[in-house]
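Q: predicted coordinates and the sequence they were generated for:
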Amino acid sequence: MINNTYFVAMQNIYRLPVKKITLIAIIMAFAVQFGKAQAVYVPYSYQLDQKFNASIYSLDNSFHTSLKPFLVDSIIAPKYNEIMNRLYDSTRKSWVIRKIFNEHLFDVKTKEYTFYADYLPDLQVGTDVNHHITTDLNTRGYQLGGTIGNNFFFYSSGYENQGKFPAYYSNIINSINLIPGQAYNRNPGKASADWSYVSAIVSYTPIKQLNITLGQDKTFIGDGYRSLLLSDFAPNYPLLRLTANLGKVQYMIEWAYMEDQGAPRFDTPFGNNRRKWGAFHYLDWNVSKRLSFGYYDAIITSEANDSGQLHSFDPNFVDPIVYSNSFNSTPSQPDNALMGFTGKYKIFDKTAVYAQVLLDRVSGSGFFSGGNNSNTNGVQIGIRGADLFKVNSFNYLFEFNTVKPYTYQSAQPITSYTNFEEPLGDPLGANFREFIGILNYTTGPFDFMGQINYAKYGTSPTGTNAGNDVNQPYVASSAPTSVGQGIATDLYYAEGTVSVLINPKYNLRFEVGGVFRAEKTALADNKTVWLTFGLRSTFRQLYHDF
């Protein structure tokens, strides 16, 4: 929480009412004359994102790769169209056959507008071998989207879900009353979870250099599978995002409205969740076609104090300029702020090394080592690319992440770096080291994915704060802050899937999968073997690897 004059100058922008944010978006949209630009974006998930590796990490271009979801532009449009039209067969004349294998369920194209819509089944059965649990996933979903002219795009997807999960995942759900990355569990404490999940955005590109997006969605910053800065792990939130593309420079500012389900509620214990504002700036500079650097800052502030008094609005908070920071930390400061840097270098064609550095509380000594917990930070380094061993469509990623204890925590838990008490960074929160390797190969209708994770982290004994839970209140002390302090835990995770594509328009596929997970501490050794099979669709990201 890098908080000083910078945050005093910024804190009220994140308390901007939703109606005023909407008004700002409308004013900005109509303040600029229409130009010819494409506003279509690619719904984000790593499984879909990695299929663009060959295009976005080519030495032939300087595409901005760190801000997601992507907007479809001239660089990724050919690959996007290739993905959406895989296995297309123009000889199919039957309406039913075309809808099953080639097309959207509804698909309208005119000179003035386009519209498509699909039914999204996600049906899966499986077994938790170790705990003798039959698992299942029963999801009925939809997606719809379209364009109006060349400048306006809209997209929405929604899912009504019931599911029964392996023991370790059910334990996580019951401990937080939330399906990780999704939404509330309407069946708390029961064997089967029940929840709904919706994304919806409207996107306007008045000129080629500017995009304005308003809706309920997520933002991901970075080139990795994880992001220590801003990830897609926490549930969706209302947001207003402005993205400017000025050649070698890309700039994003986003305001978000989030919730904390654990904070004391006003009036009665059954009142609404406490709310908080988040604001995020990201500046990405492509120095050359090989090298890029990025700067990031964020602040989380509560909508009201503990007495229920709303904070006043300060018009200075709509200032879109990236702010400078210093490194003093004041634990009594009610807001929670951090900053970070990204970097990427294409070492070969279609191959890039990337990194992130997260700065929360920083003192002059002990930056990477022990020291005291006034020094909290995180580091990511990785490599990813396409056509491994010169095999077409053989994509890969290898990544290391570490975050020191007490990072992301706030003196007031309402302003922790979370949404619905789920981390806005890595799913492991803080106080961990993590290694990840992912391979993906696509040939014809077949897709093969393999993933291996190893993590070492510390959890908090009852009644203590070892620095892993980002919802715990931060209290300055001179206690050691070595990564892994607390109850030392080793996590081993391996996952493999084989799928056969049916319709690429909404990723309809038959999929067989297997998960091995082992969590070892001095107190317990929990193992899970989970086997699944199903008819699946959508591009949404469902995380089980934590």
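A: That came through, no problem. Not measured: the values here are computed from a predicted model. Numbering: from 1, shown residues only.

Q: not counting its neighbours along the chain, what's nearest residue 427?
A: Distances taken as C-beta to C-beta, 6 or more residues apart in numbering put residue 546 closest to residue 427, at 4.0 Å, once the chain neighbours are dropped. Yep, even glycine has a C-beta here, placed from its N, CA and C like the rest.

Q: ditto for residue 138
A: Sequence neighbours aside, residue 162 is the residue nearest to residue 138 in space, at 4.8 Å (criterion: C-beta to C-beta, 6+ apart).

Q: so that neighbour is in which element?
A: Following DSSP states H and E, one finds residue 162 within strand 152-164.

Q: end to end on stretch 59-78, go ahead and measure it.
A: With C-alpha to C-alpha, to the nearest Å applied, stretch 59-78 spans 16 Å between its terminal residues.

Q: could you pull out the strands for the stretch 1-150 of the chain?
A: 41-42, 67-68, 70-71, 106-109, 113-128, 133-148 (DSSP state E, counting those that start in this stretch).

Q: which of the ones you listed sits closest to residue 208?
A: Taking C-beta to C-beta as the measure, the strands of the stretch 1-150 of the chain were each checked against residue 208, and strand 70-71 came out nearest at 10.3 Å.

Q: against residue 63, how distant is residue 76?
A: Here residue 76 is placed at a distance of 7 Å from residue 63 (C-beta to C-beta, to the nearest Å).

Q: do residue 389 as well
A: Taking C-beta to C-beta, one finds residue 389 at 24 Å from residue 63.

Q: ok, these two, which is more surrounded?
A: Using other C-beta atoms under 10 Å as the criterion, residue 389 and residue 63 rank with residue 63 on top: 20 against 6.

Q: that one against residue 71, yeah?
A: No. In this structure residue 63 lies outside contact range of residue 71 using C-beta atoms under 8 Å: 10.6 Å.

Q: and the next helix or strand after the strand holding residue 162, how far out from the chain middle?
A: Where DSSP H and E defines the elements, the next helix or strand beyond strand 152-164 is helix 167-176. Distance of helix 167-176 from the chain centroid (C-alpha atoms, centre = their mean, to the nearest Å) equals 20 Å.

Q: what angle separates helix 167-176 from strand 113-128?
A: In terms of direction (axes from the mean of the first three to the mean of the last three C-alpha atoms, to 10 degrees), helix 167-176 departs from strand 113-128 by 110 degrees.

Q: mind listing what's buried in helix 167-176?
A: Neighbour-count burial for helix 167-176, counted by 16 or more other C-beta atoms under 10 Å, picks out 167, 168, 169, 170, 172, 173, 174, 176.

Q: equivalent analysis for stretch 110-117, please.
A: Buried-residue list, stretch 110-117, by 16+ other C-beta under 10 Å: 115, 116, 117.

Q: then stretch 86-94?
A: Residues of stretch 86-94 classed as buried: none (neighbour count, 16+ other C-beta under 10 Å).

Q: please pick out the residue of the chain most distant from its centre.
A: Within the chain, the residue lying farthest from the chain centre (C-alpha atoms, centre = their mean) is residue 93, at 40.1 Å.

Q: so what pLDDT did it get?
A: You'll see residue 93 listed with a pLDDT of 85.

Q: how far away is it from residue 49?
A: Residue 93 sits 35 Å away from residue 49, going by C-beta to C-beta.

Q: ok, back up a step: make CSV out of the strands of the stretch 1-150 of the chain and add distance to residue 473 and mean pLDDT.
A: CSV is the format used below for the strands of the stretch 1-150 of the chain (distance: least, C-beta to C-beta, whole Å; pLDDT from 0 to 100):
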stretch, distance to residue 473, mean pLDDT
strand 41-42, 38, 81
strand 67-68, 32, 96
strand 70-71, 37, 88
strand 106-109, 50, 95
strand 113-128, 35, 97
strand 133-148, 36, 96
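
Q: need the winner for burial among those strands.
A: Mean neighbour count (mean count of other C-beta atoms under 10 Å) peaks for strand 67-68 among the strands of the stretch 1-150 of the chain, with a mean of 23.

Q: would you map the helices across this protein?
A: 5-10, 18-30, 46-49, 53-56, 77-84, 95-101, 167-176 (DSSP state H).

Q: compare the mean pLDDT across the ones you listed and name the weakest.
A: Of all those, mean pLDDT reaches its minimum on helix 5-10 (a mean of 35).

Q: list the buried ones in stretch 453-469?
A: In terms of neighbour count (16+ other C-beta under 10 Å), stretch 453-469 has its buried residues at 453, 455, 456, 457, 458, 459, 460, 465, 466, 467, 468, 469.

Q: okay if I get the residues you listed as CSV plus distance to residue 533 and pLDDT?
A: Formatted as CSV, the buried residues of stretch 453-469 follow (distance: C-beta to C-beta, whole Å; pLDDT from 0 to 100):
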residue, distance to residue 533, pLDDT
453, 23, 98
455, 27, 98
456, 32, 97
457, 32, 97
458, 36, 95
459, 33, 94
460, 38, 92
465, 42, 92
466, 39, 92
467, 40, 92
468, 35, 94
469, 35, 95
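
Q: which of the buried residues of helix 167-176 lies closest to residue 401?
A: For the buried residues of helix 167-176, the nearest to residue 401 is residue 172 (19.4 Å; C-beta to C-beta).
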